[in-house]
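the following block contains a protein sequence and its predicted model.
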Amino acid sequence: MIVHARETFRVLLAVGVVFLSSTTFVFAQAKTPSAAMSREEILTAAQKEGRLTFASAHEETAVPHLVAAFKKKYPFIREVSFRSVTGIPAAQRELFELAAGESNVDAFTPHSLFWSEYFKQDLFAAYNIRELAKRRQLEIPGEMIDDSDLVVWTSTNSSIIVYNRDLVPADKDTGGLEPFAVYAKARNPNAALLWMEFLTSSEAQQIVDRFDPGKAFFMFEGTVANKLMKGNEASICTSRCRAREEKLMEKIAVEAWGFPKVGASGAK
């Protein structure tokens, strides 16, 4: 999300997904429940699974508090393990593992640079999250569900870009949001569904905002991202927008700040 705060500031809020992949998580297609599956059946199946493994892009300081609150709400999920996946190299390794079926995660956070690859290799589970939410099988706000109905937006990445709008016109083709999805080969898909639902709750978002300021989803009142957005003109920045982020930064550096272009004569 891009927030225009006055004439010379742009606050870039790229909303992340848990789906749960937390920010995006993917669930196993072979185990995808029908839309007729009741919430009670999801809870019963999750109780039988009794465990959850996920990869997270959240700061490690926040995740243990999220896990503790989740286990308090669903004590029958006895074992919860996680690992942090941050940075492009780590995300690429995770992509290879997911594609090869060598990952043990039930949910993960897809990286925006490899977004098309997750679809090409069918790494997102076929759960229709919007339908599950409509039927109240899962309590997930509609605003947090991606148009694909496979991904849920659960977090916000914030950065500030300072530029001269007289030199660099506002970019109106910003795309959409950064996704969060469920793994197609999850061993505990129902536990992952409950984790996804929990991450989209007000309780979880307040925990994220407390221990990882600026990463809570912007629609939740009182969070850092929500305060940044209020009273400003905002536009959505999806994975398509994020893919052009490097070129945008280069344009700002060269045209607004006057730095020499890489490769230009005399540039170092």
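Nice, I can see it.

can you pull the buried residues of the longest helix seen in the chain?
Ranked by number of residues, the top helix in the chain under DSSP state H is helix 88-100. Buried residues in helix 88-100, counted by 16 or more other Cβ atoms under 10 Å: 91, 94, 95, 98, 99. C-beta coordinates here come from the backbone N, C-alpha and C atoms, glycine included.

ok, now stretch 38-57?
Quick answer for stretch 38-57 (16+ other Cβ under 10 Å): 39, 42-43, 45-47, 49, 52-57.

stretch 200-214 now?
200, 201, 204, 205, 206, 207, 208, 209, 211, 212, 214.

those residues in strands, which ones?
Counting by DSSP state E, the buried residues of stretch 200-214 place none of their members in strands.

which two from these end up farthest apart in space?
Greatest spatial distance among these (Cβ to Cβ): 201 and 214, at 18.7 Å.

okay, helices next: where are they in the stretch 151-268 of the chain?
Counting by DSSP state H, counting those that start in this stretch, the segments of the stretch 151-268 of the chain that form helices are 189-199, 202-211, 224-229, 239-243, 245-251.

out of those, which is the most enclosed?
Neighbour counts (mean count of other Cβ atoms under 10 Å) averaged over each of the helices of the stretch 151-268 of the chain peak at helix 189-199, with a mean of 28.

before we move on, the earlier item: including distance to residue 156, could the buried residues of helix 88-100 go into TSV?
Converted to TSV, the buried residues of helix 88-100 look like this (distance: Cβ to Cβ, whole Å):
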residue	distance to residue 156
91	18
94	21
95	23
98	24
99	28
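
kindly provide the distance from residue 67 to residue 181.
Remark: distance between residue 67 and residue 181 (Cβ to Cβ, to the nearest Å) = 20 Å.

the more surrounded of these two?
Between residue 67 and residue 181, counting by other Cβ atoms under 10 Å, residue 181 is the more crowded of the two (34 against 19).

excluding chain neighbours, give the residue nearest to residue 104 in space.
Nearest residue to residue 104 in three dimensions, chain neighbours excluded: residue 53, at 5.6 Å (Cβ to Cβ, 6 or more residues apart in numbering).

hey, what's that neighbour bridged with?
On the basis of DSSP bridges, residue 53 is bridged to residue 81.

make 20 the starting number, not 1.
Sure, I'll start numbering at 20, so the last one becomes residue 72.

re earlier: residue 129: which of the helices of the stretch 170-287 of the chain is closest?
helix 258-262 (8.5 Å).

if I pick residue 64, what's in contact with it?
When contacts are counted by Cβ atoms under 8 Å, 6 or more residues apart in numbering, residue 64 touches residue 209.

mind checking which helix or strand it is in?
helix 58-68 (DSSP states H and E).

so for that helix, mean pLDDT?
The pLDDT scores in helix 58-68 average 96.

between it and helix 208-218, how big is the angle?
On the basis of axes from the mean of the first three to the mean of the last three Cα atoms, to 10 degrees, helix 58-68 is oriented at 110 degrees to helix 208-218.

quick one, strands of this protein?
Shown for the chain, the strands assigned by DSSP E span residues 21-24, 28-36, 70-75, 98-103, 172-181, 252-254.

rewinding a little: got the CA coordinates for the longest helix of the chain in CSV?
Only the C-alpha atoms of helix 107-119 are listed here, as CSV (Å, rounded to 0.1, in the frame of the first residue of the first chain):
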residue,chain,number,x,y,z
ILE,A,107,15.6,-13.7,-1.1
PRO,A,108,18.1,-16.6,-0.7
ALA,A,109,16.1,-18.2,2.1
ALA,A,110,12.8,-17.7,0.2
GLN,A,111,14.4,-19.3,-2.9
ARG,A,112,15.6,-22.3,-1.0
GLU,A,113,12.2,-22.7,0.5
LEU,A,114,10.6,-22.5,-3.0
PHE,A,115,12.9,-25.3,-4.2
GLU,A,116,12.0,-27.5,-1.1
LEU,A,117,8.2,-26.8,-1.6
ALA,A,118,8.4,-27.7,-5.3
ALA,A,119,10.3,-30.9,-4.6
